[in-house]
Every structure is written in structure tokens, then in C-alpha cells.
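A.B. asks: Got a predicted structure plus its sequence, pasted below:
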Amino acid sequence: MKMDRREFLRIAGLAGLGLGIGTGASGWILSRGIEASEFIPSPNALTAKRWAMVVVLSKFKTEEDYKRVIDACHRFHNVPDIGNPKDEVKWIWTDTYEHVFVGQENEYLPEEFKERPFPLLCNHCTKAPCVRVCPTKATFKRKDGITMQDYHRCIGCRFCMAACPYGARSFNWRDPRPFIKETNPSYPTRTKGVVEKCTYCVELLENGEMPKCVQASKGGLIFGDLMDPNSEVRKVLSENFSMRRKAEMGTGPSVFYIIGGGEEDV
Amino acid sequence: MYDGGKIITGIIIFLLFATFPFYYNIGKAHVKPDPKLDTPVIKQLKEKKCVESKSYMRAYHMQLLDDWRNQALRKANRTYRNEEGKLFEISLQNTCMKCHSNKQKFCDECHKYAEVKPYCWDCHFVKEAKEGGAAR
């Protein structure tokens, strides 16, 4: 077939036009399905600029007070009880003063403080080291200050565990399912090979509920918006002396401890 | 052609091997996946409709689930408004599986046929697992 220049250009032009229309139309057809749908926050969600928690230590008197809070969290979130410290998975736990407030201990402290357990959980730091080191952005910072993780994306490298100065993160060395006594069917478990920690119960906050530990604490844990001057956390913090764990590291922890003194009016 | 006999024999043997899956399966019943929609919750629905149209869900449920996860987890959007304006709580375990409680007869039916192995069930629960049968 012989083709002159003019003929060739005409065919090439038409072909180009057809291709353009074809891809445009198929793209439109493919994207059409979800055009009218949208994602919105739940209507009764609790919101804050920066969520924070205050631990009022004087309200934790007996072992039962700690257990009630820890069990409420661990049961709801299907946290396994593996039973050996190496494989331990924990969202909220306890430790002694010298481990909790490192560098602030002195030998003349009241005996009561040296021995008593302190409730511990993820500090949801402003400048969270775990977020900075995560290579897949599985751990990330939400707008409301919560340090959240996406287990779908976690590759189990454990950089975050090395970075966290509070030991708030646990690795699933084995399948957690056989170690969960009573499973809560409304919440997922984790799988072998991912790192997990406290989430400040985001899914509850977004449905208008306070975190499980706060609900179970009978006033021992106070939760609210640190950026709202009228919130309960701000009120309590303005009236009592409080401490944060390893704040000198510049992580900006959002869990405050009110230790002794003036506890009766909290 | 040099060594014609050997070459042709080779080609024939090759073709026999290459087409083995085809004539091996000739006449065998071709079992189509048949996902079941007969769970108690679905039976009680007046209008039997998923969050989006059947054809959309069939083709794009994986993208939808992906969007759901990212929106809920990362953007704090836990509610989905579908094309008709109906609202749904974004949750695989509590919304999808509430109706499709028959994972083995619904999800697995096609997934097995298509030989895809989604790892949803490593973490998310299926309630039917309690009544015996594998959880995953």
C-alpha cells in the first residue's frame, strides 16, 4: 500500500484522537462507581486538638485498682497473656518509681513511693520517636495527637520498639490468638510479626466513648483535651503538681502523673 | 532439514507437555463459585442491598475495603455514605461480617476459586469460627 504524507498524518491524527477518547471514557466508567459516596467522621465522635491523660496516683490504692484498669483494656483489645516476660504483650502495665522516673529517684524518698506500682501506658508523645523511625509509616501521628499504628502496614522491623524510651511497644513473637482467654468479637486481634501498643481507644473516642481504662479507673485516670483550657485535664493539672516520664528527652509525653499531695480534692 | 525426525519428535513431545493441562481437564465439571447470601441477618433485610451495588461490590470490594481502612484508621472518618446517601459504620468485623457471617460460604467461595489469599482473617474475627471450622 502506498501512502503519501498527507494520508499518513490524517490517519495518525484520527488514531490519536480515538485513543484519547477511549482512555478518557474507560477511566470515567471505572471511577464512576464511588463518585457520589463519601467518608465522614461519626456524628457523635469525641474530638480534641490534643488528647492527654492524667494519672491520679492516690486513686490507685489496692492491687484491685490496677487490675481492674489493666483487665478492662486488655480484655477489650484482645491483648494476649502469654505468660513469659520475653514474649509479653502489654498496652497498660505497672512498674516501680525508679524505673518510671529514671534520674528522679533518691534514697530518701518515702518508702511508699519506692515500692508502689505506677500505671504505665503509651505516652502518645508530641514528637514521637517511634513515628520518626517507622520505615513504612505504619506508626503515624493523628491530628488529635494520638500516636496510632496501622498493623496492615507493619513489617515487624521493631525500630519503633528500639526508639520508644518508655517500653510501650510489644512485638508479637507468636500468634496471639491461643493466648487470649476470652476474645472480644467486636475488636480484631493482631497477628504474628507486628508491633502493638495502646491507641487511647481511638475507635471508642470516635463513637463517643471514653477509653476503657478511664471508664474502669473510677477517677484514677482523667482524659481530655490538653489544648482546651476548660477541660478537666487542664483543671486538674493547674491545681496539682504533676510529672511526666522522661520529658527531658524532648518527646513531649501526654501522660501526666499526679503523685501524692492534695489528692483528696482531685 | 537436518535431523528433521528428531526436531519434529521434540516439537510433538513439547506440545504434548505444554497442552497437558487442557486435555487433562477436558470433560471435567467446572465448578463455578457460588457465594451464598442466606445468612439470618440478610434474610431479615427488607431491601437486600450491600453498601454499594452488587456489580460494584463484586468488582471493587477490595478497593472499597482498602479505602475504608485508610479513611477510618488514618483520617478518623468512621462513617461511609454510599451513593444513595445511606450511612454505614466503617468496620469489616462489625459491619461487613454482621450480614456476611458465612465467611466460608461467601468470602472463601470465590477467593478459593480465584486462588487469592487475603490476610484479613489473621486479625479480624469471624464469628462462625466458634462453631467449629478454621478461623482463617
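C.D. replies: Thanks, I have the structure now. Residues are numbered from 1 along each chain as shown, chains lettered A, B, ... in the order given.

A.B. asks: Identify the residues contacting stretch B:41-58?
C.D. replies: Outside stretch B:41-58, the residues that touch it by CB atoms under 8 Å, 6 or more residues apart in numbering or on different chains are A:33-34, A:37, B:37, B:60, B:64, B:80, B:82-83, B:86, B:88, B:95, B:98-101. For glycine as for every other residue, the C-beta is placed from the backbone atoms N, C-alpha and C.

A.B. asks: Stretch B:29-40: which residues count as buried?
C.D. replies: residue B:39 (16 or more other CB atoms under 10 Å in any protein chain shown).

A.B. asks: which residues are in contact with that stretch?
C.D. replies: By CB under 8 Å, 6+ apart, stretch B:29-40 touches B:48, B:99-102, B:105-107, B:109-110, B:112-114.

A.B. asks: What subset of the contacts of stretch B:41-58 is buried?
C.D. replies: Among the contacts of stretch B:41-58, the ones that count as buried (16+ other CB under 10 Å) are A:33, A:34, A:37, B:60, B:64, B:80, B:82, B:83, B:88, B:99, B:100, B:101.

A.B. asks: In strands only, show me those.
C.D. replies: B:80, B:88 (DSSP state E).

A.B. asks: all helices of the stretch 1-150 of chain A, in order?
C.D. replies: A:5-32, A:63-76, A:97-100, A:111-115, A:129-133 (DSSP state H, counting those that start in this stretch).

A.B. asks: okay, now the residue nearest to residue A:83 when sequence neighbours are not counted: neighbour count?
C.D. replies: Leaving aside its sequence neighbours, residue A:83 sits nearest to residue A:179 (CB to CB, 6 or more residues apart in numbering or on different chains; 7.4 Å). A total of 16 residues lie near residue A:179 under the criterion other CB atoms under 10 Å in any protein chain shown.

A.B. asks: out of the buried ones among the contacts of stretch B:41-58, which one sits closest to residue A:202?
C.D. replies: residue B:80 (17.0 Å; CB to CB).

A.B. asks: I'd assumed residue A:37 was in contact with that closest one.
C.D. replies: Yes: counting by CB atoms under 8 Å, residue B:80 touches residue A:37, with 6.7 Å between them.

A.B. asks: any idea what sits nearest residue A:123, other than its immediate chain neighbours?
C.D. replies: residue A:253 (3.4 Å).

A.B. asks: what number of residues lie near the closest residue to residue A:211 other than its chain neighbours?
C.D. replies: Once flanking residues are discounted, residue A:211 sits nearest to residue A:201: 3.7 Å by CB to CB, 6+ apart. Neighbourhood size, residue A:201 [other CB under 10 Å]: 23.

A.B. asks: quick one, what contacts the spatially most central residue of chain B?
C.D. replies: The centroid of chain B falls nearest to residue B:111 when counting by CA atoms, centre = their mean (3.7 Å). Contact analysis of residue B:111 by CB under 8 Å, 6+ apart lists B:117, B:118.

A.B. asks: In terms of pLDDT, where does it sit?
C.D. replies: pLDDT for residue B:111: 92.

A.B. asks: Where does it sit: helix, strand or coil?
C.D. replies: Using DSSP: H, G, I helix; E, B strand; the rest coil, the structure places residue B:111 in helix.

A.B. asks: gap between residue A:126 and chain B?
C.D. replies: From residue A:126 across to chain B, the span is 18 Å (CB to the nearest CB, to the nearest Å).

A.B. asks: Identify the residues contacting residue A:95.
C.D. replies: Contacts of residue A:95 (CB under 8 Å, 6+ apart): A:117, A:118, A:120.

A.B. asks: Which one of those sits in the busiest neighbourhood?
C.D. replies: Ranking the contacts of residue A:95 using other CB under 10 Å puts residue A:120 first, with 22 neighbours.

A.B. asks: what bridges to that residue?
C.D. replies: With DSSP bridges as the criterion, residue A:120 is bridged to residue A:93.

A.B. asks: Fine by me, thanks again.
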